[in-house]
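Enquirer: Have a look at this prediction, sequence included:
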Amino acid sequence: MTAPAEGLAVVRDAASSPALEWLRTERQADGSRRPRDEDETARLWARVWWLAVEDAARMPRRPEDDGRPAATDEVQQAVTDLFARMRAAGRARWSRESGPADAAILSALAWLMLLAGTTDVSANVRRLGVLGGYTAQTASLALWRLIQDGWITVTADAERRAGKARRVTLATSHECTDHHRHKCAIYEAPDDVSPVHPGSDRSGTPAAPAPPTPSLESLRALLIHQQADVWHHLGHHAARTLWSIRQLNKPRLADLMADTGYGRRTTLRHLHRLQALQLVATGPTRRGETTYAVTSRSLYQAAQETGTAGRIAGMAVTARVDQAVHEWWAAEETHRALPYKQRPRRAAADQTVIPGMDPRGRAYPRHENGRPDHARARTIEAQRIGAPGILAHAQQLARASELIDPAHLSATGAQQPPRRAGRRVVLPSRSHCPHCHAAPGQRCTTAGTGRPSARWHAARRRAAQARADQAVRPTRG
């Protein structure tokens, strides 16, 4: 039996599909429902199935659609090779002023590659900025530097009106520029070069243990670390120092300097500020030198102390609102490009969008002089997509130390706190308990549990005493 036939059998079974009653019956003028013919039900179901197939065909293709795991061998090898080349580029490449931003964007791209199962991914700077912990402008500059240095290359240019970002993939070559900050990418990671002493010969010694293979879990942990709000106070260079402490086993100052590429003064400044926020503590001495370890305090708690908590969550909501406004404005440009007589009539800008209505079919808000009112458009779109709910979802993820991805946020994604059991509204005007039916003066218990509820009992007793006092109060003649 084919899938449409199986679905039609479910439709005809009223007990297993009560929500599909509209396919089996139709509403009459008097409000009653008349059974449809079997041929009509089959025709409607064929139409519904065709629309569902068309909708599924427009969805982004998933790696599992080809019968392969999310991280294929080729993509996994490409990402592993990327991180090996990043290590071979040297600590100085990633410890310079723009180094943390470049490394963060590369890590975000690697995570998207593993997630998509292909090295050709969409480089939306707003999404990359949130994943990397930077603004969209900083992410755009970092992406430009990575393209100029030869780490990635553009496979498809952005289409503004279509709402498509540029697509990038890992580069295998590039043309050097005359920019003074240009530093060529590494395309082959040598196996005989020590990570601490570049150029040393290790041909006669055992090879160093291979670094862990990047995976979705390890890259997710890295992205959660680098998008923490506290780095907007401490700086993203301090994020590299804390990440090095997490990766190393109680490192000394010299170990941190060798792993991060920072000097002694810079590393000590990072450690001092991290210790002030109780993110790092000193451990036992080793070889007469102090060691450092990460505390159990979360980065979100440190961000609350510095007043930067919620910044990345706000940036994620801004990215979603900007995307919605951009799609609306692109539809407005397409509408205005048509001849005047061919332009269809549109609803007002502030009209509520009902299910099934194209939100871009409304007129774009404008000032009295005819100029577009982008601020009002942002307000309208923020209300339409449920920006407060999206912000609550992002803030909940930040408090739980989870990854904030603008593409996976929703207005209803935030989990509501569970209601505390045993709390009921007190009705002091009643002398009898409406739940356990206790009489005035008797002990009130919650229904089904038998636990005393002194709050209910006291309220009912006060109400009964007030009625008794009012009944015996003498009246003036």
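Expert: Here it is on my side, so go on. Numbering: from 1, shown residues only.

Enquirer: which residues in the stretch 351-477 of the chain form helices?
Expert: 374-385, 387-399, 454-472 (DSSP state H, counting those that start in this stretch).

Enquirer: Which positions within the one helix or strand R269 maps to qualify as buried?
Expert: With secondary structure defined by DSSP states H and E, R269 is part of helix 264-276. Neighbour counts over helix 264-276 (16 or more other C-beta atoms under 10 Å) mark T266, T267, R269, H270, L271, R273, L274 as buried. Every residue, glycine included, has its C-beta placed from N, CA and C.

Enquirer: hmm, back to that, mean pLDDT for the helices of the stretch 351-477 of the chain: which is lowest?
Expert: Note on these: lowest mean pLDDT is at helix 454-472, with a mean of 63.

Enquirer: ok, R93 touching C184?
Expert: No. Here R93 does not reach C184: they are 10.0 Å apart, not a contact under C-beta atoms under 8 Å.

Enquirer: Counting neighbours, go ahead and name the busier of those two.
Expert: R93 (19 against 13; other C-beta atoms under 10 Å).

Enquirer: any idea how far A303 lies from D37?
Expert: Distance of A303 to D37, computed by C-beta to C-beta, to the nearest Å: 63 Å.

Enquirer: what comes up buried for the longest helix along the chain?
Expert: When the chain is parsed with DSSP state H, its longest helix is helix 311-337. Of the residues in helix 311-337, 311-313, 315-321, 323-332, 335 count as buried by neighbour count, 16+ other C-beta under 10 Å.

Enquirer: Which pLDDT value goes with A347?
Expert: So A347 comes in at 88 (pLDDT).

Enquirer: Please name the nearest non-neighbouring residue to it.
Expert: Closest residue to A347 apart from its sequence neighbours, by C-beta to C-beta, 6 or more residues apart in numbering: R362 at 4.9 Å.

Enquirer: Could you list which residues are in contact with the one you found?
Expert: Counting by C-beta atoms under 8 Å, 6 or more residues apart in numbering, R362 makes contact with W328, R346, A347, A348, A349, Q351, V353.

Enquirer: if you set the cut-off to 6 Å instead, what comes out?
Expert: R346, A347, A349, Q351 (C-beta atoms under 6 Å, 6 or more residues apart in numbering).

Enquirer: Can you list phi and psi of the second one for me?
Expert: When quoted as degrees, to the nearest 10, the phi and psi of A347 stand at phi -80, psi 170.

Enquirer: Look up how far S410 lies from it.
Expert: Per C-beta to C-beta, A347 is found 25 Å from S410.

Enquirer: which residues in the stretch 201-350 of the chain form helices?
Expert: Remark: helices assigned in the stretch 201-350 of the chain by DSSP H, counting those that start in this stretch are 216-226, 231-234, 236-247, 253-260, 264-276, 299-306, 311-337.

Enquirer: For A142, find the nearest of those helices.
Expert: Closest approach to A142 among the helices of the stretch 201-350 of the chain (C-beta to C-beta): helix 236-247, 11.0 Å.

Enquirer: angle of that closest one against helix 299-306?
Expert: In terms of direction (axes from the mean of the first three to the mean of the last three C-alpha atoms, to 10 degrees), helix 236-247 departs from helix 299-306 by 140 degrees.

Enquirer: Packing partners of helix 236-247?
Expert: Here helix 236-247 touches helix 99-116, helix 253-260, helix 264-276, strand 289-294, going by 3 or more C-beta pairs under 6 Å, 6 or more residues apart in numbering; DSSP states H and E.

Enquirer: Please work out which of those is packed deepest.
Expert: helix 99-116 (a mean of 24; mean count of other C-beta atoms under 10 Å).

Enquirer: Just the residues contacting it, thanks.
Expert: Contacts of helix 99-116 (C-beta under 6 Å, 6+ apart): 71, 75, 79, 82, 94, 119, 121, 128, 131-132, 134, 138-139, 142-143, 145-146, 216, 219, 222-223, 226, 236-237, 240.

Enquirer: Buried ones from those residues, can you make that a PyMOL selection?
Expert: Per 16+ other C-beta under 10 Å, the buried members of the contacts of helix 99-116 correspond to this PyMOL selection:
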select buried, resi 71+75+79+82+94+119+121+128+131+132+134+138+139+142+143+145+146+219+222+223+226+236+237+240
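
Enquirer: Mind listing what's buried along stretch 381-398?
Expert: By 16+ other C-beta under 10 Å, the buried positions in stretch 381-398 come out as 381-382, 384-387, 389-395, 397-398.

Enquirer: outside of it, which residues touch it?
Expert: With contacts defined as C-beta under 6 Å, 6+ apart, stretch 381-398 is touched by 300, 310, 313, 316-317, 320-321, 324-325, 353, 404, 409, 411, 413-414.

Enquirer: if we go to 7 Å?
Expert: 229, 300, 310, 312-314, 316-317, 320-321, 324-325, 328, 353, 359, 404, 409-415 (C-beta atoms under 7 Å, 6 or more residues apart in numbering).

Enquirer: Quick check, A363 in contact with Q351.
Expert: No. Counting by C-beta atoms under 7 Å, A363 stays clear of Q351, with 8.9 Å between them.

Enquirer: Out of A303 and D37, name the residue with the larger neighbour count.
Expert: Per other C-beta under 10 Å, whichever of A303 and D37 has more neighbours is A303, with 23 against 8.

Enquirer: what does the average pLDDT come to for stretch 114-125?
Expert: On average, stretch 114-125 scores 92.

Enquirer: Apologies, that question was intended for stretch 220-233.
Expert: Throughout stretch 220-233, pLDDT has a mean value of 95.

Enquirer: again with stretch 16-30
Expert: Average pLDDT, stretch 16-30: 84.

Enquirer: shift numbering so it begins at 26
Expert: All right, first residue 26 from here; so that's stretch 41-55.

Enquirer: Quick one: low-confidence residue ranges for the stretch 176-325 of the chain.
Expert: 215-236 (pLDDT under 70).

Enquirer: wait, what's in contact with D145?
Expert: Applying C-beta under 7 Å, 6+ apart to D145 gives the contacts T180, R192, T194.

Enquirer: Could I get the phi/psi values of P60?
Expert: With angles defined as degrees, to the nearest 10, P60 sits at phi -60, psi 140.

Enquirer: Compile the contacts of R387 into a markdown table and extend it with columns for distance to G56 and neighbour count.
Expert: Formatted as a markdown table, the contacts of R387 follow (distance: C-beta to C-beta, whole Å; neighbours: other C-beta atoms under 10 Å):
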| residue | distance to G56 | neighbour count |
| --- | --- | --- |
| R371 | 34 | 16 |
| A372 | 30 | 13 |
| A374 | 37 | 16 |
| Q376 | 29 | 14 |
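
Enquirer: Now E358: closest residue in space, sequence neighbours ignored.
Expert: Nearest residue to E358, sequence neighbours excluded (C-beta to C-beta, 6+ apart): R186, at 6.5 Å.
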